[in-house]
Structure formats: C-alpha cells, structure tokens
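J.: here you go, sequence then predicted model.
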Amino acid sequence: MYDRDRDCPAQPGVKLGSRNDKWRDCATDRILFFEARLKDQSLDPADRATALKYLVHFVGDIHQPMHATGVEKGANGIPVVVFGSATCGQYNCNLHAVWDSGLLLHTGLSEPDYLHRLEKGIKAQHLSAGVDDPAVWTNESKKASDEAMLPKGAAVDEAYYTREIPVVDQRLELAGLRLAEVLNGIFTAPPQKFMPKHTANPD
C-alpha cells in the first residue's frame, strides 16, 4: 500500500512535516500539485499550460502498474523474453517496457482502433471514474503490478498477454475517465470571449 511518508520524498531542503512540506516529489503528490496550479487563474497562461501537460502525463503514469512498484526500479531491471525475442528494437527487453508499449503493440491495432476498443470497454462495463484520490489510483496500480510481476529472464508469451491485456485496457480506460473528470472539474466555466473596445468613428 502507498505510504506518503515512505514512498513520496520531501523536496530538497524541506523537512518532513514542516510548514513547507505541502507538496512532495512523487507522481501521486504532483497530480494534486499541478491540478491546483491549473485551477489558479492568477497564474500566467503559459504556467497553466505547463501544469496541464504535467497533469496529463502524471495521471497517465500513475495508471501504468509498473510505475507503482519499487521492484527493480519499476521493473526496468527485469529482463524478459518477449514473444520469443530478448531484444525489443535496439534494446534488451524489460518488463517495464512491456507494460509501456509491448502489450499494446501486440494487439496489432492502430491508435484510432485502440481508442474505439477502449470506448467500447467503458460502455460495456458501465465504467466510471470512481474515486478522485491519486493515492487510491496508486494502490490499484501497485496491486496490478504485484499480480503481473515476473522473475528475471521470464517469458512474456501469449498466455501472459491474454491474462494481462484486459488489465492494460482497464488502466487506460480509468486513466482517461479520471483525467476527464479532473479537467471537467477545473474548466467549469466557458472562457471569456474577447470583446473589442468600441472606438469613435473617425468620420
């Protein structure tokens, strides 16, 4: 289970529990930090745009199960044989990369087709965003990573793919639903329209 004091380090030079210890340096905390910045309309638009980019990135990251495990640096240090090959492109295969892209690529679907697949899955399961707590999202991913973990040198084969691709799909579906809910909660009012000032007719 996620433990903020154990798993989310304080920022450099900041003492745990001090007045300045509001936001820490892990994806779970950063989601809330960038959500707060995106809500802050007093910030420069460029800063809010940056916050939006990070918010999208971290919500996606926290739903990828291998980002929630401390085993071998998020399973980057677990070499695996993927569908009969120990190399993935120019690099040796590892379990983290399998969950980043390997299982998705094995579907053979284009991005639009995969999106359609996820939309169908959401409707079929009547899936909703559920809780809005990034710590809960982290714990979900940790549980999924525990169940999907492999020893070094293991095979990622069709049996593993068949077992885990529904998990991949549901993590993506939930990430999309939850990101949409966060953004809908922030952008509740339509943007103000630019109204040019009326000037006197020089004629």
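T.: Received the coordinates, thanks.
J.: all helices for this structure, in order.
T.: 4-7, 27-39, 45-62, 72-75, 95-97, 103-106, 111-125, 134-148, 158-186 (DSSP state H).
J.: any idea which of the ones you listed is most buried?
T.: The highest average neighbour count among the helices of the chain, using mean count of other C-beta atoms under 10 Å, belongs to helix 95-97 at a mean of 23. Backbone N, C-alpha and C define where each C-beta goes, glycine included.
J.: tell me what that helix is packed against?
T.: Where contact means 3 or more C-beta pairs under 8 Å, 6 or more residues apart in numbering; DSSP states H and E, helix 95-97 is packed against helix 72-75.
J.: quick one: residues contacting the spatially most central residue of the chain.
T.: With distances taken as C-alpha atoms, centre = their mean, G60 lies nearest the centre of the chain, 1.6 Å away. Residues in contact with G60, defined by C-beta atoms under 8 Å, 6 or more residues apart in numbering, are A175, L179.
J.: that one and D100, how far apart?
T.: G60 sits 11 Å away from D100 when distances are taken as C-beta to C-beta, to the nearest Å.
J.: before we move on, back to that, reformat the helices of the chain as a markdown table; add distance to A86 and mean pLDDT.
T.: As requested, the helices of the chain are exported to a markdown table (distance: least, C-beta to C-beta, whole Å; pLDDT from 0 to 100):
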| stretch | distance to A86 | mean pLDDT |
| --- | --- | --- |
| helix 4-7 | 32 | 87 |
| helix 27-39 | 30 | 95 |
| helix 45-62 | 26 | 97 |
| helix 72-75 | 16 | 96 |
| helix 95-97 | 12 | 98 |
| helix 103-106 | 16 | 97 |
| helix 111-125 | 26 | 97 |
| helix 134-148 | 19 | 97 |
| helix 158-186 | 15 | 97 |
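J.: how close does the residue nearest to the centre of the chain get to D113?
T.: With the distance defined as C-beta to C-beta, G60 ends up 19 Å from D113.
J.: one more: H63?
T.: Spatial separation of H63 from D113 under the definition C-beta to C-beta is 20 Å.
J.: what do you get for G77?
T.: Taken as C-beta to C-beta, the spacing of G77 relative to D113 amounts to 33 Å.
J.: repeat that for E173.
T.: As judged by C-beta to C-beta, E173 and D113 stand 15 Å apart.
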